[in-house]
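**Student:** quick one, what's the 3D model for this:
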Amino acid sequence: MLRAVLAALLLAGGQRVSNRKLVQSLWATPPRSALSNLRSYLARVRAILGNADPRLAARLVTVSDGGGYLFTLGPKELDVNVFSDLARRGQAHLRAGDHAPAAALLHDALALWRGPAGDNITATGTITQQLADLDEQRIIATEDFVDARLALGATSSLLHDIRALVLDQPLRDRPWEQLMRALYLTGDPAGALGAYQKARRSFGEALGIEPSGRLQQLQVAILQRDDLVIARHAFR
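**Tutor:** Numbers count the residues shown, from 1 in each chain. Below you'll find the predicted structure:
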């Protein structure tokens, strides 16, 4: 729970977080002792930070005016903010068709990650949705990075990464699209059509639905060897 307390403060980006919001971040159903537990957790976090570096402990500030706490942060000091900025700029280049700078920026953004958002954080409150939103941003940036690299001609070298993304996110359209495109572009249209059938089984078994219209259109384009339609699937 100590990690969750610190994460809730960091995700506030240096802004004050009220006691009520901290409690909501940690517990879906707060216990009666939530406030006293929270104070205890914060005291322990401050002590741990102080043992590491007294300057870190000084960053955890108790706000007397209005109550609550904040963790002071310098510009570009929070990985989440740096990631978001790099990803946003990379995505803008991708939309503009500037694939080399897009790939470079998205690579740097993704290099900040060390695993799923909130790994080893135990909490049941609103922070769970914040962490899920961060993971969604990471996945989108990963998909964008794949599109940029595909546009630059990195097809064979990307297949392993795309297959890993499909395994991790089997119910997302875009990794399946990217796998189909990459296989087709490496001269394996049969493999691309086989990937479509795997996607169809995945969606059918898990959700009871057919693949999206986009995936179906891509399948038809591959059957017809329509390179122009296939290329357009790189753009969202």
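
**Student:** so in this structure, where's the weakest helix or strand by average pLDDT?
**Tutor:** Scoring the helices and strands of the chain by mean pLDDT, DSSP states H and E places helix 227-232 at the bottom, with a mean of 78.

**Student:** how about the host helix or strand of Gln197 as PDB, C-alpha atoms only?
**Tutor:** Assessed by DSSP states H and E, Gln197 sits inside helix 189-207. Extracted C-alpha coordinates of helix 189-207, given in PDB (Å, rounded to 0.1, in the frame of the first residue of the first chain):
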ATOM      1  CA  PRO A 189       0.000 -13.400 -48.200                       C
ATOM      2  CA  ALA A 190      -1.000 -16.900 -47.100                       C
ATOM      3  CA  GLY A 191       0.500 -16.100 -43.700                       C
ATOM      4  CA  ALA A 192      -1.400 -12.800 -43.600                       C
ATOM      5  CA  LEU A 193      -4.700 -14.600 -44.300                       C
ATOM      6  CA  GLY A 194      -3.900 -17.200 -41.700                       C
ATOM      7  CA  ALA A 195      -3.400 -14.400 -39.200                       C
ATOM      8  CA  TYR A 196      -6.900 -13.100 -40.000                       C
ATOM      9  CA  GLN A 197      -8.300 -16.600 -39.300                       C
ATOM     10  CA  LYS A 198      -6.500 -16.600 -36.000                       C
ATOM     11  CA  ALA A 199      -7.900 -13.200 -35.200                       C
ATOM     12  CA  ARG A 200     -11.400 -14.400 -36.100                       C
ATOM     13  CA  ARG A 201     -11.100 -17.400 -33.700                       C
ATOM     14  CA  SER A 202      -9.700 -15.100 -31.000                       C
ATOM     15  CA  PHE A 203     -12.600 -12.700 -31.200                       C
ATOM     16  CA  GLY A 204     -15.200 -15.400 -31.600                       C
ATOM     17  CA  GLU A 205     -14.100 -17.500 -28.700                       C
ATOM     18  CA  ALA A 206     -13.600 -14.600 -26.300                       C
ATOM     19  CA  LEU A 207     -16.400 -12.200 -27.300                       C
END
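
**Student:** still on that earlier bit, and the least confident helix or strand of the chain, how far out from the chain's middle?
**Tutor:** How far helix 227-232 lies from its chain's middle: 28 Å, per C-alpha atoms, centre = their mean, to the nearest Å.

**Student:** my read: Leu150 touches Tyr184, true?
**Tutor:** No - the pair Leu150 / Tyr184 is not scored as a contact, 10.7 Å apart, by C-beta atoms under 8 Å. Placement of C-beta: from N, CA and C, glycine included.

**Student:** which parts of the chain are strands?
**Tutor:** 60-62, 69-71 (DSSP state E).

**Student:** and the first one, how far out from the chain middle?
**Tutor:** This means strand 60-62. Distance of strand 60-62 from its chain centroid, counting by C-alpha atoms, centre = their mean, is 29 Å.

**Student:** which stretches of the chain have low pLDDT?
**Tutor:** 233-236 (pLDDT under 70).

**Student:** which residues sit in contact with the residue nearest to the spatial centre of the chain?
**Tutor:** The centroid of the chain falls nearest to Arg138 when counting by C-alpha atoms, centre = their mean (2.1 Å). Listed by C-beta atoms under 8 Å, 6 or more residues apart in numbering, the contact partners of Arg138 are Phe83, Leu110, Trp113, Ala117.

**Student:** and the top helix by length along the chain, which residues are buried?
**Tutor:** Assignment by DSSP state H gives helix 127-151 as the longest helix of the chain. Across helix 127-151, burial judged by 16 or more other C-beta atoms under 10 Å covers 127-128, 130-131, 134, 137-139, 141-151.
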